[in-house]
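Undergrad: got a structure for you, letters missing:
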């Protein structure tokens, strides 16, 4: 029993195995076992079932596993109206063209943020934002937006993270969250990556729920704080428009 909900151990382990492939396209049995912290014999049994059902496939020449065709069949049933990553892509591309910088879309998943969509800048020097990346919620403009506009209960859950770094004071962080809510956006300068800056704004769906964080990022040399501040009104307006597309 965890968080008041009954978990089926085999299903929980199988899902943990599938999530390993968000970090690498192909994995050996040993690598998977190391990722999920299970004995190889246990992982082998689970992989055999997943392979039989088509959720993973095994390359007989390398003995490595990849996601199977069933994963793609499931993803094909995600409609544009249900998936913000697909629904908002055209608007994100237009924003990229307007500002000539990388545009990213993040959602909160537990105590992390997940980049579910990104449109890379066309400039030679640019910030590359890989889709699927998981990042902490205590650093970065998008993280702070996702926390600032979350409910108080969700904020307390995030701030009670046992691995919260001592270098990020919770009192000062709460002060930042209040300032971000008042301003409607957040800015970060080299908080997570040296030489990188970003500005982020919340996207609310038609019901008024926080759906995602929209960010524009790039190199500090091209996007100093003053430039980010000047982009904030447009970013908030585009975020508002995108929210109108999410039911």
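TA: That came through fine. The model shown is predicted, which means the values in this text are computed figures rather than measured ones.

Undergrad: and the spatially most central residue of the chain, what does it touch?
TA: In the chain, the centroid-proximal residue (CA atoms, centre = their mean) is residue 114; its distance is 1.0 Å. Neighbour list for residue 114: 106-108, 132-135 [criterion: CB atoms under 8 Å, 6 or more residues apart in numbering]. C-beta coordinates here come from the backbone N, C-alpha and C atoms, glycine included.

Undergrad: next one: residue 65
TA: 26-29, 32, 47, 51, 56-59.

Undergrad: Would you agree it falls within a strand?
TA: Yes - the assignment for residue 65, made by DSSP: H, G, I helix; E, B strand; the rest coil, places it in a strand.

Undergrad: re earlier: beta partners for the residue nearest to the centre of the chain?
TA: Beta-bridge pairing for residue 114 (DSSP bridges): residue 107, residue 134.

Undergrad: follow-up on the earlier one: quick one: buried ones out of the contacts of residue 65?
TA: Buried by 16 or more other CB atoms under 10 Å: 27, 29, 32, 47, 56-58, out of the contacts of residue 65.

Undergrad: Tell me which of those fall in strands.
TA: With strands defined by DSSP state E, the entries of the buried ones among the contacts of residue 65 inside them are 27, 56-58.

Undergrad: so which of the residues you listed would you say is closest to residue 142?
TA: Distance to residue 142 across those (CB to CB) is lowest for residue 27, with 28.3 Å.

Undergrad: Model confidence at the closest one, what's the number?
TA: We note a pLDDT of 93 for residue 27 in this prediction.

Undergrad: now residue 79
TA: Reading off the model, residue 79 has pLDDT 54.

Undergrad: Could you list the buried residues of the lowest-mean-pLDDT helix or strand in the chain?
TA: Across the helices and strands of the chain, mean pLDDT, DSSP states H and E gives its lowest value to helix 69-76, namely a mean of 78. Neighbour-count burial for helix 69-76, counted by 16+ other CB under 10 Å, picks out residue 71.

Undergrad: ok, and what's touching it?
TA: 18, 53-55, 57.

Undergrad: let's go with 6 Å and repeat that
TA: Outside helix 69-76, the residues that touch it by CB atoms under 6 Å, 6 or more residues apart in numbering are 54-55.

Undergrad: and residue 144, what element?
TA: For residue 144, the enclosing helix or strand under DSSP states H and E is helix 141-148.

Undergrad: Downstream of that helix, the next helix or strand is which one?
TA: Downstream of helix 141-148 (by DSSP H and E), the next one is helix 152-159.

Undergrad: Specify the angle between that following helix and helix 141-148 in degrees.
TA: Per axes from the mean of the first three to the mean of the last three CA atoms, to 10 degrees, the angle that helix 152-159 makes with helix 141-148 is 130 degrees.

Undergrad: Report the mean confidence score over helix 152-159.
TA: When pLDDT is averaged along helix 152-159, the result is 95.

Undergrad: from the chain's centre, how far out does the helix ranked longest in the chain sit?
TA: The longest helix of the chain (DSSP state H) is helix 225-243. On the basis of CA atoms, centre = their mean, to the nearest Å, helix 225-243 sits 20 Å off its chain's mean C-alpha point.

Undergrad: How about stretch 223-243?
TA: Centre-to-centre, stretch 223-243 and its host chain are 20 Å apart (CA atoms, centre = their mean).

Undergrad: All good on my end, thank you.
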